[in-house]
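Chemist: the sequence isn't on hand, but the structure is:
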């Protein structure tokens, strides 16, 4: 049940709902992967409206990464250059993770679209196909949703995954047409018939010009069905582009409602608010299916900043990793990307390899008896890796957070509240965190105030506290 009561009117800070560190982190955690200390300070000065506008505009306009040299290679070119195809694919995702740590907002939306327009790397096993697919997503992520649908439709990754390159007038294949309606635009059994799927599959023919492994897929007249088709009661000689135009003309309201519900549940609350989602959908239609205005309206709203919507989503494995490193500004360490990529894969989020065409279910599905222990071990490993990289990182972080306090009570509370969206429920829970930080240092050193964050033991004491926090149920929330 969604207990939030406010709507999409602009959030105006008040005594009851102040613009404070908690709400800044809420915005950054949901739009991206959390705020660094310097970003929190700037956001508090700027206020919510300016912060939301800056976050989204910066993400939407930031220059893309330089394409890899293998961006358009076929397999023969990979072999000639002695570049391993699988290694190239994984390495490109390393860069995606790096950008997620450095920035985060565009990368999180791109991951949403990868889990919406699902493809599986193993269906083509080609790094250049995966890059071309991801580039389309990142190019169009904040822009025209209709264009995103069109562009994704003819990426080789999608043409291979859902058999589009095999879909010819001689031998129609309905796979992509079905998922275009069921998963990508309308939702299951919502506004289309089996006959619409059959006719749409004929319109989607023609992308059959494939001649080499990892090679481009070109338009081929010989495969295209150039006869009339009837979709949603409209008859015409549709091709893939005019079919999608007709889809948006005839089913625009259903598309807007379906996409806005998915965005809402990804960014706000798994228990949807019908009123808010419907209002988002009206904005989507009014803005001619531009994605950015919908997100601007949502993230700047009173509804988004209600306490009832804070700390109610479960972190994905990607969020678990990136938010820990990003919020703490903990820097780099040896093998970070390799550990991260395979660590989150073991926790159920193998980048580029969702479980099926419906994608990762997310939220509660991320947790089971095996994966919860993997999440604990992951935070254990990353906590120690930061410490091993430099024993000054954690003490410096704690000093900045607490104005160089020497009180274990103040330090433990500050670190807990920094990483956990709504803090802990009981004083006993905070006492346990304080005890974890104190570890085996004799109590008299705390009683006299002699202990401080300059002690040689301070870094690994904070490691123990972070390991303790990583095992708390509240830490799994965002």
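Modeler: Great, that's in hand. Computed from a predicted structure; not experimentally measured.
Chemist: any idea how far residue 467 is from residue 379?
Modeler: Relative to residue 467, residue 379 is positioned 7 Å away (CB to CB, to the nearest Å). Where you see a C-beta, it was placed from the backbone N, CA and C, and this is true even at glycine.
Chemist: residue 10 - how many residues pack around it?
Modeler: By the criterion of other CB atoms under 10 Å, residue 10 has 11 neighbours.
Chemist: my read: it touches residue 302, true?
Modeler: Yes. Using CB atoms under 8 Å, residue 10 makes contact with residue 302 at a distance of 6.8 Å.
Chemist: could you list the low-pLDDT ranges of the stretch 51-200 of the chain?
Modeler: Applying pLDDT under 70 to the stretch 51-200 of the chain picks out no residues at all.
Chemist: let me see the ranges of the helices in it.
Modeler: 75-81, 85-102, 105-114, 127-140, 145-153, 156-161, 175-179, 194-203 (DSSP state H, counting those that start in this stretch).
Chemist: want to try a markdown table for these, with distance to residue 261 and mean neighbour count as columns?
Modeler: Converted to a markdown table, the helices of the stretch 51-200 of the chain look like this (distance: least, CB to CB, whole Å; neighbours: other CB atoms under 10 Å):
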| stretch | distance to residue 261 | mean neighbour count |
| --- | --- | --- |
| helix 75-81 | 40 | 14 |
| helix 85-102 | 25 | 18 |
| helix 105-114 | 13 | 22 |
| helix 127-140 | 20 | 22 |
| helix 145-153 | 14 | 20 |
| helix 156-161 | 23 | 24 |
| helix 175-179 | 18 | 21 |
| helix 194-203 | 21 | 20 |
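Chemist: ok, which of the ones you listed comes nearest residue 217?
Modeler: helix 156-161 (4.8 Å; CB to CB).
Chemist: name the helices or strands packed onto the closest one?
Modeler: Judged by 3 or more CB pairs under 8 Å, 6 or more residues apart in numbering; DSSP states H and E, helix 156-161 is in contact with helix 127-140, strand 217-218.
Chemist: note down every partner strand of the very next helix or strand once past the last one and its orientation.
Modeler: Same thing as strand 217-218. Note on strand 217-218: by DSSP states H and E, the next helix or strand toward the C-terminus is strand 229-231. Next to strand 229-231 in the sheet, as set by DSSP bridges, lie strand 234-236 (antiparallel).
Chemist: how far off centre is the partner strand?
Modeler: A distance of 38 Å separates the centroid of the chain from that of strand 234-236, by CA atoms, centre = their mean, to the nearest Å.
Chemist: tell me the phi and psi of residue 187?
Modeler: phi 100, psi 160 (degrees, to the nearest 10).
Chemist: quick one, what contacts residue 135?
Modeler: Going by CB atoms under 8 Å, 6 or more residues apart in numbering, residue 135 touches 64, 67, 71.
Chemist: give me that answer again for 10 Å
Modeler: Taking CB atoms under 10 Å, 6 or more residues apart in numbering, we find residue 135 in contact with 64-65, 67, 71, 110, 151, 155.
Chemist: between residue 10 and residue 302, which contacts overlap?
Modeler: With CB under 10 Å, 6+ apart as the test, residue 10 and residue 302 both reach residue 48.
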